[in-house]
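> All I have is the shape, not the residue letters:
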């Protein structure tokens, strides 16, 4: 490494730089500040603002260069502050200032003035920095301040007088303040791969905008907020809490999905969380966020939060003290048999909550009925655990960038695990192949090199077909198969049944398409594989996982950089819940409840008795299924919204709920505890790549709310449990370290500033980026045999069609109209296409372009469907119809939502049974789109 | 979005037709490298302007996004996004024409057309464009009707030309 460094001199100081670095990057690493505006970490050099000019001398050649575009060279001499350079920089700033209000920027009184003060210099109220939403965090202001620009300029200020765009969800765009640094355009294009913004027009009037100046809803925006975070001025701002000043900033982790993006929580002096910005040093999110993390954060501020414990007296929930509430809960729970009791933990809960929750269920309630709220696809993690020893993704999230091929099966990461889709898109841009196996059209199908649309439910057979082609064409990794795998012969025998013609018949995907995809994956090493469970019935989840693992194993994509398998589950800390044993069949550290030695091992750490009988999953518990007393930590999870059963929690005789709001679940409870939110707790959560990260409190608790673990430990103590005398979450975590081998090397202190990927074997370990690498610990991994089978027809008489609901950022071919509601907010109105198979169409007596009415069997879960649509004869499968709605409809839904906590209310896209009927023909003028 | 605002909208092709013609123009490019720019030129050659539909079709054809296409299209003054009138009048205001009285010619053309600058007349039938040089300085001041040069113009002769077009 030492040979690789380049030595150069900046302002007389000798510094070292890495090859390929630009001057500004090297200078920043050496703590030398060069003012800049268009440069942004993580983006390609751009050189728009020229603010970072420096004089350089290299190889005898002198020059003045933009330090953000000039690479370092050996023995280069850089001067950043000579008189000439400072002059030049001031001149450039003067020019820049002609189009940005700057009366206050160059005024010495700026920090002293209030918004309504009488200005001695007659700076117009609308041009004042004090009324700018980014006043407190304006990079332009900092830069101008650094340059000590004087108040006179030879140029006239020209106000653009453009209307402010305030009609899109979450965003305010004021291009009067734009300095055209194009950070936002590059954030959208380079960083996110979306291009919802671009530079429009040219020369003096060039500005950031969208095609034809349309709303962001039409331009393909996914509302991730990346451009707002990058904007150095007040041009792009979050609308909520727009003018709020942050009095403290705390690094924390988003608790909306298992990606676990690191965010900086901005809290104002009224103890409210007012903003979330991406943390550029974050290793899981790389400074990115999504519509949920960036705009769905503020529920901790809500006035309707539960403040005090409550118990049901005479049918009414009434305020009481913690002591009485705990006593009531204890009494109610004691009246039921162990197997009738259960604990459901919040998907947002910390590892500490989950750990104490499972310990409470097992040692106090004497049952294994414990699970996390969104652990609907426990199999997704379970089989992985069975094969090679662990659940979760085998490789880090951003390792996908190094993949040569990405295969996505039955999942929609763009919506469910948003930031996970970013490295996928980046890999595709860098030339990787992308195979999407999904009957629905999703955002990733736009980028796909191969989009296979199997009949929903036949994905496993299709994967088997791909495996068959890989074997037939000898594309497997022979060395890996020989050295690392077990059960290969049985597997090969089983795969023999996957005759391609038959696979093609079952899945509805042509043999050629299967072959092409198999070659792309087989030849594409390293290749990563992302798999969800969308559209696959829960009984098949284990088989899906086996198929996925087999494919990754036979091609040697396990243990390799850029390869790996990524399960797409939901719930921010479902992974951590499984790690610490908050699952009906797992004890902490993936020990089995039914193995005596495993139970003894845990009991020796914690004391108490661990029951043997396997417990019920969240699905079983919520369906009723013999459960008569339930303890539910309901933050960020509502059994009804999660779509587990149509009647939600069944009808337990006794319900204890700890929640942030009086949710549907809480309102049915006998005892309600007020819960602390993510913004108020200290604790750890574990993301899908096994990265344990710290949640830090930015807000202080206002009333009597308590963290989940504290509530449960209190309840345990009242019920006579021992070993629940924790003073803080640190103490809980110390116990977790003893109970979970994967967490041994992790402490709260070690997690400050940086997460650690489990397993971490000792306190010097930096964790494990990639599982199952070859090396001394190389293990033999078993393959699972699989069998081909005919799909089961789920059609019923009343609702004969199965509907696959897709969602994309934009559909240019469809006529999208923007209408404004009473609040002048944009909404999308469009004529949805209903994709129908030609045979079904003739049976329904409809032709291409006709209108049909959709009636869904049950609307308990899933995103809303359009009521009518225009027939297109493009469905590849008989009996299946497909509808694709726009992402814009999700964000406007979030914007209009009455929910106190909006992000969990964003509904998924399950398969649904529907009936179709030809719509009566309307002969109104202007009815037809074309 | 695609509501025709000009009064000549009844003569305009439908959205579907525009899409179809754009697609055809995009698909019939013969050069080895097809870019966003070449695609936009192909569309404008076919339709004489670039409607919304063509932006969308170009994005699909070149595997980019509408915003990217718009970024390119809006950069070049030669692309137009509204249907041109039936006839186009270019008035030159280059140095030679200017010295020979182009300003008066221009003002007279404005008043004859009832416009204040470049663009279409109210009925959408005629298009006025300014030109920095039509390359016929010896004939200054020059105007061009549908790319046919007319030299040594006076305000009156220019008015006669415009009048002739109005009747046409």
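Ah, there it is. Worth saying up front: this structure is predicted, and the values here are computed from it rather than measured. Residues are numbered from 1 along each chain as shown, chains lettered A, B, ... in the order given.

> how much space is there between the residue nearest the centre of chain B and residue A:747?
For chain B, the residue whose C-alpha lies nearest the mean C-alpha position (CA atoms, centre = their mean) is residue B:84; its distance is 5.2 Å. With the distance defined as CB to CB, to the nearest Å, residue B:84 ends up 72 Å from residue A:747. Yep, even glycine has a C-beta here, placed from its N, CA and C like the rest.

> for stretch A:303-315, which positions count as buried?
Neighbour counts using 16 or more other CB atoms under 10 Å in any protein chain shown place A:305, A:306, A:308, A:309, A:310, A:311, A:312 of stretch A:303-315 among the buried residues.

> mind listing which of these are in strands?
Among those, the residues falling in strands (DSSP state E) are A:310, A:311, A:312.

> Okay, and the nearest residue to the second one once chain neighbours are set aside sits in which element?
Setting aside the residues directly before and after it, residue A:311 is nearest to residue A:328 in space (CB to CB, 6 or more residues apart in numbering or on different chains), at 4.6 Å. Taking DSSP states H and E as the criterion, the element that holds residue A:328 is helix A:322-334.

> what's the offset of that helix from the middle of its chain?
37 Å (CA atoms, centre = their mean, to the nearest Å).

> Return the residues of chain B in contact with chain A.
Where proximity means CB under 8 Å from any CB of the partner chain, the interface of chain B facing chain A comprises B:1-2, B:14-16, B:19, B:52, B:55-57, B:59-60, B:64-71, B:74-76, B:81.

> Now with 6 Å, please.
Along chain B, the residues adjacent to chain A under the rule CB under 6 Å from any CB of the partner chain are B:15, B:16, B:55, B:56, B:65, B:66, B:67, B:68, B:70, B:71, B:74, B:75.

> Just the buried residues of those residues.
If you count burial by 16+ other CB under 10 Å, the buried members of these come out as B:15, B:55, B:56, B:65, B:66, B:67, B:68, B:70, B:71, B:74.

> Would you mind measuring from residue A:786 to residue A:477?
Here residue A:786 is placed at a distance of 19 Å from residue A:477 (CB to CB).

> let me fix that: residue A:570
Relative to residue A:477, and taking CB to CB, residue A:570 is found at 32 Å.

> So what pairs up with the closest residue to chain B within the stretch 451-600 of chain A in the strands?
Taking CB to the nearest CB as the measure, the stretch 451-600 of chain A has residue A:451 as its residue closest to chain B, at 14.1 Å. The residues listed as beta-bridge partners of residue A:451 by DSSP bridges are residue A:436.

> which residues does residue A:786 contact?
Residue A:786 sits next to A:464, A:494, A:546, A:547 when contact means CB atoms under 6 Å, 6 or more residues apart in numbering or on different chains.

> Torsion angles phi and psi at residue A:218?
Comment: the main-chain dihedrals of residue A:218 come out as phi -90, psi -20, following degrees, to the nearest 10.

> Looking at the nearest residue to it once chain neighbours are set aside now. What's its pLDDT?
Taking CB to CB, 6+ apart as the measure, residue A:218 lies nearest to residue A:816, with 5.6 Å between them; neighbours along the chain are not counted. As summarised for this prediction, residue A:816 has a pLDDT of 80.

> and if you look at residue A:304?
Listed pLDDT for residue A:304 reads 93.

> Repeat that for residue B:5.
40.

> again with residue A:927
Looking at residue A:927, its pLDDT reads 44.

> what does residue A:249 give?
Reading off the model, residue A:249 has pLDDT 95.

> how does the chain divide up, domain by domain?
Chain wasn't specified; assuming chain A. A:310-374+A:573-658+A:668-757, A:380-567, A:801-918 (automatic domain parsing).

> Can you look at chain B instead?
Chain B is divided into the following domains under automatic domain parsing: B:7-75, B:87-167.

> May I ask which helix or strand of the chain has the lowest mean pLDDT?
Looking at chain A here, since you left the chain open. Least confident helix or strand of chain A, by mean pLDDT, DSSP states H and E, is helix A:378-386 with a mean of 53.

> looking at chain B here, not the other one
Least confident helix or strand, chain B: strand B:119-120 with a mean of 86, by mean pLDDT, DSSP H and E.

> could you say what helices and strands the helix or strand sitting right after that one along the chain packs with?
The element immediately downstream of strand B:119-120 (helix or strand, assigned by DSSP H and E) is strand B:126-131. In terms of contacts (3 or more CB pairs under 6 Å, 6 or more residues apart in numbering or on different chains; DSSP states H and E), strand B:126-131 is packed against strand B:87-92.

> What lies in contact with the strand it packs on?
Contacts of strand B:87-92 (CB under 6 Å, 6+ apart): B:106, B:109, B:126-131, B:134, B:142-146, B:165.

> what angle do it and strand B:126-131 make?
Angle, strand B:87-92 to strand B:126-131, by axes from the mean of the first three to the mean of the last three CA atoms, to 10 degrees: 20 degrees.

> So for strand B:87-92, what gets flagged as buried?
By neighbour count, and taking 16+ other CB under 10 Å as the criterion, the buried residues in strand B:87-92 are B:87, B:88, B:89, B:90, B:91, B:92.

> Flag the shaky bits of chain B, pLDDT-wise.
B:1-11, B:168 (pLDDT under 70).

> Now with 50, please.
In the predicted model of chain B, residues B:1-9 satisfy pLDDT under 50.

> what does the stretch 251-400 of chain A give?
A:383-389.

> one more time with 80, if that's ok
The stretch 251-400 of chain A contains residues with pLDDT under 80 at A:375-391.

> What segments of it are helices?
Read by DSSP state H, counting those that start in this stretch, the stretch 251-400 of chain A holds these helices, from start to end of the chain: A:291-295, A:322-334, A:351-359, A:378-386.

> In a strand, residue A:807, correct?
Yes - under the criterion used here (DSSP: H, G, I helix; E, B strand; the rest coil), residue A:807 sits inside a strand.

> count of neighbours near it?
22 (other CB atoms under 10 Å in any protein chain shown).

> Tell me if I'm right that it and residue A:882 touch.
No - distance between residue A:807 and residue A:882: 11.3 Å, which falls outside the contact criterion (CB atoms under 6 Å).

> what does chain A have sitting close to chain B?
A:195, A:198, A:199, A:200, A:201, A:202, A:210, A:211, A:219, A:220, A:812, A:930.

> Narrow those to those that are buried.
A:195, A:198, A:199, A:200, A:201, A:210, A:211, A:219, A:220, A:812.

> Quick check, the fifth one in contact with residue B:74.
Yes - at 4.7 Å, residue A:201 and residue B:74 qualify as touching, with contact defined as CB under 6 Å.

> and of the domains of chain B, who's closest to residue A:20?
Distances from residue A:20 to each of the domains of chain B were compared by CB to CB, and the smallest falls on domain B:7-75, at 27.4 Å.

> where's stretch A:42-53 relative to the chain centroid, distance-wise?
Relative to the chain's own centre, stretch A:42-53 is displaced by 30 Å; criterion: CA atoms, centre = their mean.

> Contacts only, for whatever residue of the stretch 51-200 of chain A ends up closest to chain B.
Proximity to chain B, evaluated over the stretch 51-200 of chain A using CB to the nearest CB, is greatest for residue A:198 at 3.7 Å. The contact partners of residue A:198, taken as CB under 6 Å, 6+ apart, are A:185, B:67, B:68, B:71.

> pretty sure the first one is in contact with residue A:197, am I right?
Yes - using CB under 6 Å, residue A:185 is in contact with residue A:197, at 5.1 Å.
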